[in-house]
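# Based on what follows, work out the 3D shape:
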Amino acid sequence: MDRPNWVPPDVDVTRPSVARLYDYHLGGSHNFESDRAFGDRTLRTMPDLPELLRDNRDFLRRVVRELCALGVDQFLDLGSGIPTVGNVHEVARASTPGARVVCVDHDAVAVAHGRALLADDPQTAAVLADVREPDVVLAAVRRTCLIDFSRPVGVLMIALLHFAHDEDRPRELVADYMGGLPVGSYPAIGHGRADGSRGIRNAAAVYEGDRSPNPMRLRSAAEVVDLFGSLTLLDPGVVLLPRRHPDAVDDRRAGSAVADDYPGFGGLGRRD
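Residues are numbered from 1 along each chain as shown. Just a heads-up that it's a prediction; the model follows:
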């Protein structure tokens, strides 16, 4: 396999990664043969997976715009993946020119590409870290000097926590991140649905294989609500992704019907 010169030397390009799979399904170019082969396997079980990933991007954009309207101007994007069109900083700065963003991912390719893309932007940074270690992540975020820990932060966990199994204590992870940030901070969660369409359950089964980048732990609506713990859930609570405040700015599904077995939930909370 040819190894592009932008790939960090310690990256195993023969093993697929979640960030590069996301990039492949969205039509990006920062993925390898292993990612494309694994991605094609998931497509055979869930042909509408790219559509679901685009819905996640729409949900991300709507949440960022909502938080900017609430006065939030700094964001922590956990499991940010490989930067693509409609990045957090692009969306935020459409209404809040001074918005600052720190992206965090454990995929070295995603972080390397993010750093290259953001090199000329002093209000953004990309951090290489494992989101399952909140203390390590928050310490690294402090070192960027971009996030003011005395003011509210928008914490984005989009298509992230369904890769956290019960032993990873996802509810505690959310609590630990929010506990390290000031009152008035907001966590946004987008999550795969356990009782959704057969396609996502079949796709999750593919992720259980020995070449899987990460096994998935799909959850019910009640389980996703539980991830917010004692935080305040904003209206309308945890709902199907496209049904959470759809708008017509760039939302492909605005005004269209969404099947009741749609495979993903989303919600936005607040630390009071």
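
# Asp135 versus Thr96, what's the distance?
Thr96 sits 29 Å away from Asp135, going by Cβ to Cβ, to the nearest Å. Every C-beta, even on glycine, is put in place using the N, C-alpha and C of the backbone.

# should've said Pro9
According to Cβ to Cβ, Pro9 stands 28 Å off from Asp135.

# the more surrounded of Thr96 and Asp135?
Looking at Thr96 and Asp135 with other Cβ atoms under 10 Å, you find the greater number of neighbours at Thr96, namely 20 against 10.

# Go ahead and confirm the more buried one touches Cys68.
Yes: at 4.6 Å, Thr96 counts as touching Cys68 under the criterion of Cβ atoms under 8 Å.

# Just give me the residue right at the centre of the protein.
Most central in the chain under Cα atoms, centre = their mean is Ile158, positioned 2.9 Å from the mean C-alpha point.

# so how many other residues sit close to the residue lying closest to that one once chain neighbours are set aside?
Distances taken as Cβ to Cβ, 6 or more residues apart in numbering put Gly190 closest to Ile158, at 4.1 Å, once the chain neighbours are dropped. By other Cβ under 10 Å, 25 other residues sit near Gly190.

# and Gly190, what element?
Following DSSP states H and E, the helix or strand that holds Gly190 is strand 186-192.

# mind listing what that strand pairs with, with the direction of each?
In the sheet, strand 186-192 lines up against strand 154-158 (parallel), strand 264-270 (antiparallel) (DSSP bridges).

# can you redo the ones you listed as TSV with mean pLDDT and distance to Asp48?
Listed next are the strands paired with strand 186-192 as TSV, based on pLDDT from 0 to 100; distance: least, Cβ to Cβ, whole Å:
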stretch	mean pLDDT	distance to Asp48
strand 154-158	97	18
strand 264-270	96	11
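
# quick one: contacts for the residue nearest to the centre of the chain?
Ile158 is in contact with Asn56, Phe59, Leu60, Val63, Gly79, Ala188, Ile189, Gly190, Gly266, counting by Cβ atoms under 8 Å, 6 or more residues apart in numbering.

# which of those residues lies closest to Leu181?
Closest approach between these and Leu181, by Cβ to Cβ: Ala188, at 13.2 Å.

# beta partners for the closest one?
When assigned by DSSP bridges, Ala188 has beta-bridge partners Leu156, Leu268.

# wait, doesn't it sit right on Leu156?
Yes: judged on Cβ under 8 Å, Ala188 makes contact with Leu156 at a distance of 5.2 Å.
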